[in-house]
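> got a sequence here, can you build the structure:
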Amino acid sequence: MPTLEIRDLHVAVGDKEILRGVDLTVSSGETHAIMGPNGSGKSTLAYALAGHPKYTITSGSVLLDGEDLLEMKVDERARAGLFLAMQYPVEVPGVSVSNFLRSAITAVRGEAPKLREFAKDLKTGMDALSIDPAFAQRNTNEGFSGGEKKRHEILQLELLKPKIAILDETDSGLDVDALRVVSEGINRFRGLDGSGEGSGADTGVLLITHYTRILRYVKPDFVHVFAAGRIVEEGGPELAEKLENEGYEAYTKASA
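This next block holds a predicted model:
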């Protein structure tokens, strides 16, 4: 069963230290929510784990299924089962959504999916996310609305079927209807049915967010509060409600 183990992780951007000793374990079947104010290091954690060259890991360790994630190149991390849904997905001019997704699946699996199988899975995924079929022929993320970009990220998630999914502010910029559809997609990935019952035993989710509204649809098992580059409090879903009512001020002052 996949497990992501982060131990005493320190990350810098240039000469500035952003993460100051993060310890976190995401095991199979678990959904962890990371919450905190702007600038607390939440997105830095996501991009550092994915291998973005802007972020320098100065100390600490990260293991995925016991393998050293930090020794892997970006593509190797994806093949090992790590997925990042970005807060601001990039445009890929000249590459259709269909070709982009098939290429991504080929890169991760090491072989191209059969066209008929891929077309069926793509249609099923798009239908579930209320995506217009014409979307498949559009250039990837080019001219997409915020909601379309986020639905496309979840479509990737469902087709690639990673072991560990890092979702960086997937709820950002979504209206109520789009939030519901995207959340349902995340729950399908987790192995949950529409009633919230089920088993996501083969997957883990690290959900980064400012707000509790997505957590009304995607129920976390654990909530972690980030402030000044480290986890300053941990708890269950009730911690998210506390943050909704009281905000982050107490944590930011204590970490200053």
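> any chance you could map the helices in the stretch 51-200 of the chain?
74-80, 97-109, 115-128, 146-160, 176-189 (DSSP state H, counting those that start in this stretch).
> comparing the ones you listed, which comes out most buried?
helix 146-160 (a mean of 21; mean count of other C-beta atoms under 10 Å). Where you see a C-beta, it was placed from the backbone N, CA and C, and this is true even at glycine.
> how close does the residue nearest the centre of the chain sit to residue 225?
The residue lying closest to the centre of the chain (C-alpha atoms, centre = their mean) is residue 167, at 1.7 Å. To residue 225, residue 167 is 17 Å away according to C-beta to C-beta, to the nearest Å.
> with residue 216 instead?
With distances taken as C-beta to C-beta, residue 216 is found 18 Å from residue 225.
> which one of the two is surrounded by more residues?
residue 225 (24 against 13; other C-beta atoms under 10 Å).
> least confident secondary structure element in this protein?
The helix or strand of the chain with the poorest confidence is helix 249-255; it has a mean of 79 (mean pLDDT, DSSP states H and E).
> got the CA coordinates for that one in PDB?
The C-alpha trace of helix 249-255 is given here as PDB (Å, rounded to 0.1, in the frame of the first residue of the first chain):
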ATOM      1  CA  GLU A 249      -4.300  34.800  13.400                       C
ATOM      2  CA  ALA A 250      -3.500  32.900  16.600                       C
ATOM      3  CA  TYR A 251      -1.200  30.600  14.600                       C
ATOM      4  CA  THR A 252       0.600  33.300  12.700                       C
ATOM      5  CA  LYS A 253       1.300  35.300  15.800                       C
ATOM      6  CA  ALA A 254       2.600  32.300  17.600                       C
ATOM      7  CA  SER A 255       4.900  31.500  14.700                       C
END
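> any idea how far that helix is from the chain center?
Relative to its parent chain, helix 249-255 has a centroid offset of 26 Å by C-alpha atoms, centre = their mean, to the nearest Å.
> just checking, what packs against that helix?
The elements that helix 249-255 packs onto, with contact taken as 3 or more C-beta pairs under 8 Å, 6 or more residues apart in numbering; DSSP states H and E, are strand 222-227, strand 230-235.
> buried ones in it?
Within helix 249-255, the residues that qualify as buried are 251, 252, 255, counting by 16 or more other C-beta atoms under 10 Å.
> contacting residues around the second one?
To tie it back to what came earlier, the one meant is residue 252. Applying C-beta atoms under 8 Å, 6 or more residues apart in numbering to residue 252 gives the contacts 37, 40, 227, 228.
> for the closest residue to residue 248 other than its chain neighbours, helix, strand, or coil?
Among residues not flanking residue 248 along the chain, residue 37 sits closest, at 4.5 Å (C-beta to C-beta, 6 or more residues apart in numbering). Here residue 37 is recorded as coil under DSSP: H, G, I helix; E, B strand; the rest coil.
> is it true that residue 37 touches residue 253?
No. Under the criterion of C-beta atoms under 8 Å, residue 37 is not in contact with residue 253, lying 11.3 Å apart.
> one step back: among the contacts of residue 252, who's most crowded?
Sorting the contacts of residue 252 by how many neighbours each has (other C-beta under 10 Å) puts residue 40 first, at 26 neighbours.
> for the stretch 101-250 of the chain, give me the ranges with low pLDDT.
For the stretch 101-250 of the chain, the stretches flagged by pLDDT under 70 are 192-201.
> report how many residues lie close to residue 94.
Neighbour count of residue 94, defined by other C-beta under 10 Å: 9.
> so what pairs up with the residue lying closest to it once chain neighbours are set aside in the strands?
In space, residue 94 comes closest to residue 139 once its chain neighbours are excluded; the distance is 6.3 Å by C-beta to C-beta, 6+ apart. As for beta bridges, residue 139 partners with residue 96 under DSSP bridges.
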